[in-house]
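Engineer: Fold the stuff below for me.
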Amino acid sequence: MLALGGLVVLLTAAGGVSFVYYARRHAPDARLIAVAPFDIFAPWEGLARWRVGLAEGLTGRLNAAPLRAVPQAVVAQTWRAADRPEIAAVELARRTGAAVAIYGRVDSIEGRRDSVRVSLIAVDAFSTRVLFGVLLRWPAADPDGLAVALAEHVRHNGTPADAAR
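Structural biologist: Residues are numbered from 1 along each chain as shown. Next up is the predicted model:
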């Protein structure tokens, strides 16, 4: 009976150590960001290219030390659209091991074809806490400049690892 009790304790301890090792190995990378394809809600031609192009531009600008970004090729394979795209962005981050999910959308401004309204949120993928949001009015002819501005917002506002310090 004593040997059986000792075996149970030993197996429980081994299971605990194994779980801790697994959890550390599969923990999200605090410096890895997943940028979901942007939703485009504008009725005119030309903005459809922003859906992936803006995400690619933002990903490229975020993929520099100390941050890293999930490549858009991986995003394309992993992305699963959903009724709530911000939740789909969080799931994308979780599936890719990223700690931060970026979801953005571009909306037309009524009566204005020369500018758009851009919103972006950054979400801690595991606590689902919104880290920050951005709302900008931007010239419709300048998607590259928008990627630069959004990357600066993300870098300036940090990641969950920065908030813990």
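Engineer: can we go C-alpha only for contacts and neighbour counts from here?
Structural biologist: Noted.
Engineer: Look at the spatially most central residue of the chain and give its secondary structure.
Structural biologist: Nearest to the geometric centre of the chain sits Ala101, at 1.8 Å (CA atoms, centre = their mean). For Ala101, the secondary-structure state derived from DSSP: H, G, I helix; E, B strand; the rest coil is strand.
Engineer: which ones are touching it?
Structural biologist: By CA atoms under 8 Å, 6 or more residues apart in numbering, the residues touching Ala101 are 33-36, 89-90, 92-93, 122-125.
Engineer: what's the most distant pair in those residues?
Structural biologist: Across the contacts of Ala101, the longest distance by CA to CA is 13.8 Å; it joins Ala36 and Asp124.
Engineer: the more surrounded of the two?
Structural biologist: Ala36 (32 against 22; other CA atoms under 10 Å).
Engineer: I'd like to know how far that one sits from Val123.
Structural biologist: As judged by CA to CA, to the nearest Å, Ala36 and Val123 stand 12 Å apart.
Engineer: tell me, what's touching the two both at once?
Structural biologist: Joint contacts of Ala36 and Val123 (CA under 8 Å, 6+ apart) are 101-102.
Engineer: so what's Ala3 scoring on pLDDT?
Structural biologist: On pLDDT, Ala3 comes in at 80.
Engineer: go on, the one 3 residues further on?
Structural biologist: In the predicted model, Gly6 carries a pLDDT score of 76.
Engineer: residue ranges for the strands of this protein, please.
Structural biologist: Per DSSP state E, the chain carries strands over the ranges 29-35, 39-41, 68-69, 98-109, 112-124, 130-139.
Engineer: for this protein, which spans come out with low pLDDT?
Structural biologist: 11, 13-28, 44-48, 158-165 (pLDDT under 70).
Engineer: For Gly57, find the nearest of the strands of the chain.
Structural biologist: Going by CA to CA, the one of the strands of the chain nearest Gly57 is strand 29-35, 10.0 Å.
Engineer: Please name the strands paired to that closest one in the sheet, noting orientation.
Structural biologist: Looking at strand 29-35 with DSSP bridges, its partner strands are strand 68-69 (parallel), strand 98-109 (parallel).
Engineer: export these to a markdown table and tack on distance to Glu152?
Structural biologist: Putting those into a markdown table (distance: least, CA to CA, whole Å) gives the following:
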| stretch | distance to Glu152 |
| --- | --- |
| strand 68-69 | 14 |
| strand 98-109 | 13 |
